[in-house]
Each structure stands twice: as structure tokens, then as C-alpha cells.
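Engineer: Fold the following, please.
(one chain, ligands or ions: 1)
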Amino acid sequence: MSAYELLTTVHILAALASGIGFGLRGHVRLIMNRPLANPLLRIGPHVADTLLLASGIALWVVTGWSLWSWFGLKLALVAGYLVLGIRALRGRARHRALLMYLAALLLFLAAVVVSAGKPGL
Ligand code: HEM
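Structural biologist: Model prediction:
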């Protein structure tokens, strides 16, 4: 397996773990209305997000994609996902937090679709 293939595999697995981790955290905090007691749910997503970012930056260095391509759109979607996700899980007003949670999940899915399709913009 080449370094590029290894990076891509780590990146895709980290993206999967980040999305599932965020989905579960939001479900426990906002839908079940419970605190995040499980250490796996408290620490795991931070590990996944760090790996996702590190492998993403490494892939960017290797592939050299321009920001004026699908990659710029993907970065904007990822930034929205992270900002809305953090605000949703810290939010006090439940209804607003739920809306931000759902919007963050949609942005995550959009980032997956854009990354997998790499449309020529
Ligand atoms: C929500 C966060 C993210 C998701 C869901 C995601 C998802 C993906 C997926 C599924 C691929 C593989 C596409 C393929 O089949 O070739 C990919 C590739 C890539 N991602 Fe991400 N990613 C995320 C964050 C990032 C970040 C933060 C960066 C950079 C700072 C990044 C940079 C890249 C690059 C450069 C590629 C390689 C494209 C290529 O092989 O030409 N990603 N991403």
C-alpha cells in the first residue's frame, strides 16, 4: 500500500468515526437529553477530528488541490460542520441546538458527497 493509499484510508476512516461520533453525541445530549457520561463519547470524537484534520492536511500537501476547486467548497462545508457542531453541543436553548445539530449533520453529508464526487467547479 502506497503512502497516498494509506493516508486516504486513514482519512476516510477518521471521517466515518467523526460523523458517527458527532451523530451519537448529539443524539445523547439533544434527543435523549442526557449528559455525555461515556468517556468514549467524550474523548473519541476529538481523537477522530484530530486524525481527520492531520490526514486531510497531509493529503492536501500530497495532491496539491487548488482552493478554487471542489476542495475549497469542501473546506467551507467542513468549517461549517465543525462550527455548528461545537455550537450545537454547547448550546443551552434546546430547540436552537437541535436545529444546529441537524444542519451540521447535513453539512457533513455534503462534505462526503463533494469529496467522493470531486466535481469540476
Ligand atoms: C467532515 C470532514 C471531512 C470529510 C467527511 C472528508 C471526506 C473525504 C473523503 C470521503 C475523501 C475521499 C475521496 C475519494 O474517494 O477519493 C476525502 C479526500 C480528501 N480530503 Fe477529506 N474529508 C474531511 C475533511 C478534510 C479536511 C479538513 C481536509 C484538509 C484540510 C481534507 C482534505 C482532503 C484531500 C486533500 C483529499 C484527497 C483527494 C484526492 O485523493 O485527490 N479533508 N475526504
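
Engineer: what's the pLDDT at the residue of the chain found nearest the ligand?
Structural biologist: Going by Cβ to the nearest ligand atom, the ligand is nearest to Gly56 of the chain, at 2.3 Å. In short, each C-beta sits where N, CA and C put it, glycine included. On pLDDT, Gly56 comes in at 98.

Engineer: With Leu121 instead?
Structural biologist: 67.

Engineer: Please identify the residues of this structure in proximity to the ligand?
Structural biologist: Contact residues (Cβ under 6 Å from any ligand atom) of the chain with the ligand: 8, 11-12, 15, 18, 52-53, 56-57, 59-60, 63, 65, 78, 81, 108, 111-112, 115-116.

Engineer: Quick one: buried ones out of those residues?
Structural biologist: 8, 11, 15, 18, 52, 56, 59, 78, 81, 108, 111, 115 (16 or more other Cβ atoms under 10 Å).

Engineer: Pick out the most distant pair among those.
Structural biologist: Thr8 and Tyr81 (19.6 Å; Cβ to Cβ).

Engineer: OK, contacts around Leu59?
Structural biologist: Leu59 is in contact with 4, 7-8, 11, counting by Cβ atoms under 8 Å, 6 or more residues apart in numbering.

Engineer: now those as CSV including pLDDT and secondary structure?
Structural biologist: Shown next, in CSV, are the contacts of Leu59 (pLDDT from 0 to 100; DSSP: H, G, I helix; E, B strand; the rest coil):
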residue, pLDDT, secondary structure
Tyr4, 94, helix
Leu7, 97, helix
Thr8, 97, helix
His11, 98, helix
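
Engineer: Now for those residues: which two are most distant?
Structural biologist: Tyr4 and His11 (10.4 Å).

Engineer: excluding its backbone neighbours, what's nearest Ala103?
Structural biologist: Once flanking residues are discounted, Ala103 sits nearest to Leu84: 5.4 Å by Cβ to Cβ, 6 or more residues apart in numbering.
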